[in-house]
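In: Sequence below, structure please.
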Amino acid sequence: MVEAINRYIEQEERKAAFYADALASWEEYQQDGLHITWAEAKNWISTGADWQHEIQHCCCG
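Out: Reported below is the predicted structural model:
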């Protein structure tokens, strides 16, 4: 029973943290109007991985 309660508390804490992050993001967007779409984020992530590879071979290779 105690384990189930602890799991529930952890789940609720993660949920509260998620909502707090979402609210902070929304408030920041309301202030500066900056945002990025999911497609832009995916493209940036994949491009960023390529940059890391190129930097390692260029600077450290």
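
In: mind checking the longest helix of the protein?
Out: The longest helix of the chain (DSSP state H) is helix 2-32.

In: gap between it and the chain center?
Out: Its chain's C-alpha centre and that of helix 2-32 lie 13 Å apart, by C-alpha atoms, centre = their mean, to the nearest Å.

In: And stretch 37-51, by the same measure?
Out: Put simply, stretch 37-51 sits 13 Å off its chain's centre (C-alpha atoms, centre = their mean).

In: Please save the CA atoms from that stretch in CSV.
Out: Provided in CSV are the C-alpha atoms of stretch 37-51 (Å, rounded to 0.1, in the frame of the first residue of the first chain):
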residue,chain,number,x,y,z
THR,A,37,7.2,24.7,-34.2
TRP,A,38,7.6,21.0,-33.8
ALA,A,39,8.9,20.6,-37.4
GLU,A,40,11.5,23.4,-36.7
ALA,A,41,12.6,21.7,-33.5
LYS,A,42,13.0,18.3,-35.2
ASN,A,43,15.0,19.9,-38.0
TRP,A,44,17.2,21.8,-35.5
ILE,A,45,17.9,18.7,-33.5
SER,A,46,18.9,16.7,-36.5
THR,A,47,21.0,19.5,-37.8
GLY,A,48,22.6,20.0,-34.4
ALA,A,49,23.7,16.4,-34.3
ASP,A,50,25.5,16.9,-37.7
TRP,A,51,27.2,20.0,-36.3
